[in-house]
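Visitor: the following comprises the amino acid sequence and a computationally predicted model.
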Amino acid sequence: MANDTNTVRIGLLGCGNVGGALIPLIEQQSDVIEARTGIRLEVTRVAVRNVARDRGVTLADGVLTRDAMAVVTDPDIDLVIEVIGGIEPARELITAALRAGKPVVTGNKELLANVGHELFAIADEAGVDLLFEAAVAGGIPLIRPLRESLRGEPVTRVMGILNGTTNFILTKMTEEGAEYATALAEAQELGYAERDPTADVEGYDAGAKAAIIASIAYGSRVVAGDVYHEGISAITAADIGVASRLGYVVKLLGIVEQDPETGAVAVRVHPAMVPKHHPLASVRESFNAVFVEGDAVGQLMFYGRGAGGAPTASAVLGDVIDAAVNLSKGTHATLGSFGRATIMGIDETSAEYLISLDVSDEPGVLHAVTGAFADNGVSIRAAEQEGIGPDARLVFITHTAREADVQATVRSLRDLDAVLKVGGFIRVIGS
Ligand SMILES: NC(=O)C1=CN([C@@H]2O[C@H](COP(=O)(O)OP(=O)(O)OC[C@H]3O[C@@H](n4cnc5c(N)ncnc54)[C@H](O)[C@@H]3O)[C@@H](O)[C@H]2O)C=CC1
Ligand SMILES: N[C@@H](CC=O)C(=O)O
Ligand code: NA
């Protein structure tokens with residue numbers, strides 16, 4: 001912080017969807033922020049990859065540079081915001097900023113879910129903030145409630161829609177019959193998707209967010225590699241149609257649970273059929289929603305814009321103000337020290353399952369198929385036949401069953417001569 005003024009001079013790394021929305025927001029709010037905190041925020045330097053690009057924000061001469069490390073090490077910079085994304089050079093830049101005693105605000109879930117523990121240790125050692133509300137569920141305040149308000153809560157489960165891009169795609173496919181590729185292109189155009197949208201559609205982005213949530217909710221370190229994930233790229237219009245006919249919508253869910261006896265943590269991301277009456281079913285477009293369930297507090301739901309430049313910039317700015325106030329007082333927030341979590345694999349989790357089968361039209365098929373379920377200890381809650389003759393398809397929904405048993409059932413079904421194809425396999429959550 002400049003010695004003789006109340007101005008906190010910000011070095012902004014990245015000026016894309018988020019950085020580009022943050023600059024005008026800071027300009028618009030700076031008088032209010034100063035009146036409330038006594039601190040004036042000033043975006044002093046901005047690092048981007050391509051300085052020639054028109055990014056729709058007006059910056060004074062000399063503010064833009066391609067050299068992000070020069071911004072971090074500039075003695076005129078008090079606080080650093082990282083909205084570049086990816087592991088490197090973000091990791092190197094944040095490390096350098098923290099070691100120089102500069103608080104950092106980031107929206108980079110990929111980085112935090114992989115090497116967050118290393119960066120938090122450096123921040124603690126340096127006695128400065130590393131804040132990241134924007135990294136999980138964009139503009140929704142979730143990290144602060146989890147780490148502050150719910151600190152003493154025995155959290156049993158956190159479950160939610162954690163990726164705006166995939167929720168946008170699924171909404172367009174469900175409501176408008178849009179093609180997957182067209183809906184993805186629109187999400188990219190609207191600034192929701194990651195630079196490489198594979199992270200969104202294959203569940204890595206939601207997985208990174210789920211790992212961060214698990215670490216904070218259970219106070220033990222969960223990393224991206226611990227998360228089981230399936231994305232939405234294999235979801236077809238037919239899957240969405242079957243789900244709809246049966247009274248469900250398809251959502252990409254992140255689920256974080258702890259075994260109350262062993263303390264082991266299971267973190268998974270996969271498409272799921274959610275009953276139409278469930279609150280998560282009504283979460284549309286780029287909105288996110290996160291259910292937190294605790295023994296004492298019961299059920300909480302956090303809802304709002306999980307992606308997009310302006311909502312994410314809002315979360316970044318909240319952190320920037322906190323970090324600036326802490327800097328002026330010589331204090332900082334701390335996450336505490338996290339040991340490594342014991343991880344429970346997907347095999348040990350439970351859900352209901354929809355399994356659909358293309359079968360041959362011959363006597364005894366139903367008997368053989370239901371036998372495969374029974375042999376593996378999986379009980380059937382509902383069954384129906386779609387079509388007749390050679391096009392017949394059997395659709396089953398199980399009672400709650402262990403994933404390992406259901407996977408064994410699917411293997412048994414594939415071994416049956418009468419089963420031509422296991423055409424659909426999707427977990428059912430929230431019944
Ligand atoms: N877009 C969204 O809805 C959300 C994004 N985030 C996160 O915020 C971060 C930024 O996201 P977006 O703004 O959407 O990305 P973007 O791709 O639109 O912008 C990235 C910016 O970083 C700059 N950049 C890239 N490499 C650089 C380098 N080596 N040196 C200097 N500048 C460099 C680019 O020139 C660009 O200005 C990512 O970590 C993302 O996961 C988090 C929540 C929501
Ligand atoms: N690509 C992400 C952006 C916010 O985290 C998403 O679609 O949710
Ligand atoms: Na958030």
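Guide: Looks like it came in fine. This one's a predicted model, so the numbers in the text were calculated from it and none came from an experiment. Ligands and ions are numbered 1, 2, ... in the order given.
Visitor: when you work out contacts or count neighbours from here on, use the C-alpha atoms and nothing else.
Guide: Noted.
Visitor: confirm that Y353 sits in a strand.
Guide: Yes: per DSSP: H, G, I helix; E, B strand; the rest coil, Y353 lies within a strand segment.
Visitor: how near is it to F373?
Guide: Look at Y353 and F373: by C-alpha to C-alpha, to the nearest Å, they are 12 Å apart.
Visitor: the two: which has the busier surroundings?
Guide: Neighbour comparison, Y353 and F373: the larger count goes to Y353, with 26 against 20 (by other C-alpha atoms under 10 Å).
Visitor: who's in contact with that one?
Guide: 396-401, 406, 425-428 (C-alpha atoms under 8 Å, 6 or more residues apart in numbering).
Visitor: same thing with V105?
Guide: Neighbouring residues of V105 by C-alpha under 8 Å, 6+ apart: 80-82, 129-132, 316, 319-320, 323.
Visitor: repeat that for R147.
Guide: Shown in contact with R147 (C-alpha under 8 Å, 6+ apart): 216-217, 335.
Visitor: name the residues of stretch 93-106 that are buried.
Guide: Residues 93-99, 101-106 are the ones in stretch 93-106 that count as buried (16 or more other C-alpha atoms under 10 Å).
Visitor: between those residues, which sits nearest ligand 3?
Guide: T106 (11.1 Å; C-alpha to the ion).
Visitor: partner residues bridging that closest one?
Guide: On the basis of DSSP bridges, T106 is bridged to E82.
Visitor: is it correct that it is in contact with G138?
Guide: No: with contacts counted by C-alpha atoms under 8 Å, T106 stays clear of G138, the gap being 11.3 Å.
Visitor: ok so, going back, in JSON lines, list the contacts of R147 along with neighbour count, secondary structure and pLDDT.
Guide: JSON lines is the format used below for those (neighbours: other C-alpha atoms under 10 Å; DSSP: H, G, I helix; E, B strand; the rest coil; pLDDT from 0 to 100):
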{"residue": "I216", "neighbour count": "21", "secondary structure": "helix", "pLDDT": "96"}
{"residue": "A217", "neighbour count": "25", "secondary structure": "helix", "pLDDT": "96"}
{"residue": "L335", "neighbour count": "17", "secondary structure": "coil", "pLDDT": "80"}
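Visitor: related to what we said a few turns ago, next step: the contacts of Y353 restricted to strands.
Guide: 396-398, 401, 425-428 (DSSP state E).
Visitor: now these in TSV, with neighbour count?
Guide: Below are the ones in strands among the contacts of Y353 laid out as TSV (neighbours: other C-alpha atoms under 10 Å):
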residue	neighbour count
F396	19
I397	20
T398	20
A401	18
F425	19
I426	20
R427	20
V428	23
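Visitor: lowest pLDDT pick from these?
Guide: Among the ones in strands among the contacts of Y353, F425 has the lowest pLDDT, at 91.
Visitor: what's the spacing between the nearest residue to it once chain neighbours are set aside and I380?
Guide: Residue nearest to F425 in three dimensions, not counting chain neighbours: I355, with 4.7 Å by C-alpha to C-alpha, 6 or more residues apart in numbering. Distance, I355 to I380, by C-alpha to C-alpha: 10 Å.
Visitor: quick one: common contacting residues for those two?
Guide: Both I355 and I380 are contacted by 396-397, under the criterion C-alpha under 8 Å, 6+ apart.
Visitor: and the residue positioned nearest the centre of the chain, what does it touch?
Guide: In the chain, the centroid-proximal residue (C-alpha atoms, centre = their mean) is A206; its distance is 3.1 Å. Contact partners of A206, counting by C-alpha under 8 Å, 6+ apart, are 162-163, 200, 254, 269.
Visitor: farthest-separated two in the residues you listed?
Guide: Farthest-apart pair in the contacts of A206 is D200 and G254; separation 12.4 Å (C-alpha to C-alpha).
Visitor: quick one, which of the two is more surrounded?
Guide: Taking D200 and G254 together and counting by other C-alpha under 10 Å, G254 has the greater number of neighbours (29 against 25).
Visitor: please report phi then psi for that one.
Guide: phi -110, psi 130 (degrees, to the nearest 10).
Visitor: next up, the contacts around G62.
Guide: R45.
Visitor: who in the stretch 301-431 of the chain is up against ligand 2?
Guide: By C-alpha under 6 Å from any ligand atom, the residues of the stretch 301-431 of the chain that approach ligand 2 are 306-307.
Visitor: quick check: residues of the stretch 101-250 of the chain near ligand 1?
Guide: 107-108, 134-135, 138, 191-192, 194-195.
Visitor: residue ranges with poor pLDDT in the chain?
Guide: 1-4 (pLDDT under 70).
Visitor: break it into its domains for me.
Guide: In terms of domains, the chain is parsed into 7-138+309-338, 143-305, 349-428 (source: automatic domain parsing).
Visitor: among those, which is nearest ligand 3?
Guide: Here domain 7-138+309-338 is closest among the domains of the chain (C-alpha to the ion), at 4.3 Å.
Visitor: can you give me the end-to-end distance of that closest one?
Guide: 34 Å.
Visitor: gap between G306 and ligand 1?
Guide: 7 Å (C-alpha to the nearest ligand atom, to the nearest Å).
Visitor: cool, I343 as well?
Guide: Distance from I343 to ligand 1, by C-alpha to the nearest ligand atom: 25 Å.
Visitor: show me the beta-bridge partners of that residue.
Guide: With DSSP bridges applied, I343 shows beta-bridge pairing to V265.
Visitor: what about it, neighbour count?
Guide: Applying other C-alpha under 10 Å, we find 17 residues neighbouring I343.
Visitor: thought it was touching D226?
Guide: Yes: assessed by C-alpha under 8 Å, I343 is found in contact with D226 at 6.9 Å.
Visitor: ok, back up a step: export the contacts of R147 to TSV and tack on distance to ligand 3?
Guide: Output for the contacts of R147, formatted as TSV (distance: C-alpha to the ion, whole Å):
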residue	distance to ligand 3
I216	13
A217	14
L335	16
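Visitor: could I get these in a markdown table, plus columns for distance to L150?
Guide: Formatted as a markdown table, the contacts of R147 follow (distance: C-alpha to C-alpha, whole Å):
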| residue | distance to L150 |
| --- | --- |
| I216 | 10 |
| A217 | 8 |
| L335 | 13 |
